[in-house]
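Visitor: Sequence and predicted structure below; questions after.
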Amino acid sequence: MFSIKKLAGVAAIAATGLVLTACSGPSADNNSSSSPSGSSSAPAPGSGGPLKVAVVTHGTSGDAFWNVVKNGAEQAGKDLGVGVDYFADGDPGNQARLIDNAVAQKVGGLVVSMANPQALQTSIQNAVKAGIPVITINSGEDSSASFGAIAHVGQSEGLAGQGAGQRLKAAGKTKLLCVIHEAGNIGQNQRCDGAKQTFGTVTTLQVDISNPTDAQSRIRGALQSDPSIDAVLALNSQVAARAVSAAKEASSKAQVATFDLNADVVAGIKDGSILFAVDQQQYEQGYLPIVFLKLYKENGNTIGGGHPVQTGPGFVDKTNIDTIAPYAQRGTR
């Protein structure tokens, strides 16, 4: 059995945000699954039997952010000898069905992102009733404990939005466009609301991340119709690249900031077209839940004391981009 002492050490290292082992880059397929050898039945705590965990997120195919979450979960599985199956679907109904399937297969642990908590409530509570420990990640922090999850790992979106708003205000910006790219995702609304609390004048724009050309067109139109907008806050690294292009097309003075990292954002920070990125270190959102479930199953440990385990917000700008860029390139930031 992977020793408890060694496992606790891995958890401590992972929680500091250090990368344990390089893993596959961001070209990983979001909708694929990975399964290190192990039984699908849940082991008894302390038995030393193989643990099988299902990770079910609301990520969409090709989303670089969720590829990094997947990389973290799969690397943790390799490091700890845990079987990890990763599934993703942006439709809340389909995501609920994926959770139901994992429960039917009697997995030993479940990791779920909750962009739309109410749509997943019954499925998650059924998992808890079946004796399957659940850890929520990324979104749905406010509903996690009430649904019966043993922990939540992620970033408090309202606080992250407040931090972004503060930075934009300090940069001298006066009117902000906040771009929401997933309808019904409560975390994105919380980000924009947080920015309003610290920045001031904020308007929101709804786009569809699955139609990037239209998203760029809508951002361009908003900037053309209101030349007083001098800042754009994207809530996704892919949308950020579209916002940069839209501002150029509109001959707008607006500067772009964003949540999350990818290669385009790294390049944008370096060349000055992106002011900063709010980094929630999503690799940890994939990695840490596997560590926590292993400890829970083998040693009865819990984490957080009823409070979320925060992976962010961190901020990446010109002062630290050279340090972070290699990690983003290999798919761990």
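Guide: Nice, thanks for sending it over.

Visitor: How confident was the prediction at residue 252?
Guide: For residue 252, the model assigns a pLDDT of 97.

Visitor: count of neighbours near the residue nearest to it when sequence neighbours are not counted?
Guide: Nearest residue to residue 252 in three dimensions, chain neighbours excluded: residue 223, at 4.1 Å (C-beta to C-beta, 6 or more residues apart in numbering). C-beta: built from backbone N, CA, C; applies to glycine. Residue 223 is flanked by 24 other residues according to other C-beta atoms under 10 Å.

Visitor: Look up how far residue 158 lies from residue 152.
Guide: Distance, residue 152 to residue 158, using C-beta to C-beta, to the nearest Å: 14 Å.

Visitor: Tell me where the stretch 151-300 of the chain is predicted with low confidence.
Guide: The model of the stretch 151-300 of the chain has no residue with pLDDT under 70.

Visitor: ok, which stretches of it are strands?
Guide: 151-154, 176-180, 202-206, 231-234, 255-259, 274-279 (DSSP state E, counting those that start in this stretch).

Visitor: Distance from the chain centre to the second one, please.
Guide: Put plainly, it is strand 176-180. Centroid separation for strand 176-180 versus its chain: 19 Å, with C-alpha atoms, centre = their mean, to the nearest Å.

Visitor: With the last one instead?
Guide: Computed by C-alpha atoms, centre = their mean, the separation of strand 274-279 from the middle of its chain amounts to 15 Å.

Visitor: How about residues contacting that strand?
Guide: 160, 163-164, 167-168, 171, 237, 240, 244, 255-261, 265, 268-269, 312-317, 324, 333 (C-beta atoms under 8 Å, 6 or more residues apart in numbering).

Visitor: again with the third one
Guide: Residues outside strand 202-206 that contact it (C-beta under 8 Å, 6+ apart) are 165, 175-180, 183, 192, 195-196, 218-219, 222, 226, 229.

Visitor: can you check the first one too?
Guide: Identification of contacts with strand 151-154 by C-beta under 8 Å, 6+ apart yields 135-141, 144-145, 280, 284-285, 288-289, 292, 302-304, 308-312.

Visitor: Put the buried members of those into a ChimeraX selection.
Guide: Selection of buried members from the contacts of strand 151-154 for ChimeraX, criterion 16 or more other C-beta atoms under 10 Å:
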select :135,136,137,138,139,140,141,144,145,280,284,285,288,289,292,303,304,308,309,310,311,312
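
Visitor: What about the contacts of strand 151-154, which are in strands?
Guide: 135-138, 309-310 (DSSP state E).

Visitor: TSV for those, including pLDDT and distance to residue 83?
Guide: Shown next, in TSV, are these (pLDDT from 0 to 100; distance: C-beta to C-beta, whole Å):
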residue	pLDDT	distance to residue 83
135	98	16
136	98	20
137	98	18
138	94	22
309	97	23
310	96	28
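
Visitor: just the residues you listed now: which is nearest residue 54?
Guide: For those, the closest approach to residue 54 (C-beta to C-beta) belongs to residue 135, at 11.3 Å.

Visitor: returning to what we had before: look at residue 152 and residue 158 and report which has more neighbours.
Guide: residue 152 (29 against 19).

Visitor: How about that one, nearest residue that isn't a chain neighbour?
Guide: Per C-beta to C-beta, 6+ apart, closest to residue 152 is residue 144, 4.0 Å.

Visitor: List the residues that contact the one you found.
Guide: By C-beta under 8 Å, 6+ apart, the neighbours of residue 144 are 114, 136, 151-152, 308.

Visitor: So for it, what's the pLDDT?
Guide: 97.

Visitor: separation between it and residue 258?
Guide: 26 Å.

Visitor: Likewise for residue 191?
Guide: 11 Å.

Visitor: any shared contact partners between these two?
Guide: Counting by C-beta under 8 Å, 6+ apart, the residues touching both residue 191 and residue 258 are 233, 235.

Visitor: between the two, which one's more packed in?
Guide: residue 258 (31 against 27).

Visitor: Tally up the residues packed near the residue nearest to that one when sequence neighbours are not counted, please.
Guide: In this structure, residue 258 finds its nearest non-sequential neighbour in residue 240, 3.5 Å apart by C-beta to C-beta, 6+ apart. Counted with other C-beta under 10 Å, residues neighbouring residue 240 total 28.

Visitor: give the contact list for residue 240.
Guide: 234, 256-258, 264-265, 268, 274, 277.

Visitor: so which two of those residues are the farthest from each other?
Guide: 257 and 264 (13.7 Å).

Visitor: Which one's more surrounded, the two?
Guide: residue 257 (28 against 18).

Visitor: Could you give the bridge partners of that one?
Guide: Beta bridges link residue 257 to residue 233 when assigned by DSSP bridges.

Visitor: Tell me if I'm right that it and residue 230 touch.
Guide: No: with contact defined as C-beta atoms under 8 Å, residue 257 does not count as touching residue 230 (11.6 Å).

Visitor: ok, back up a step: now the residue nearest to residue 152: how far from residue 150?
Guide: Residue 144 is 9 Å from residue 150, by C-beta to C-beta.

Visitor: cool, and residue 58?
Guide: Distance of residue 58 to residue 150, given as C-beta to C-beta: 20 Å.

Visitor: Between these two, point out the one with more neighbours.
Guide: Taking neighbours as other C-beta under 10 Å, residue 58 and residue 150 compare with residue 58 leading, 27 against 20.
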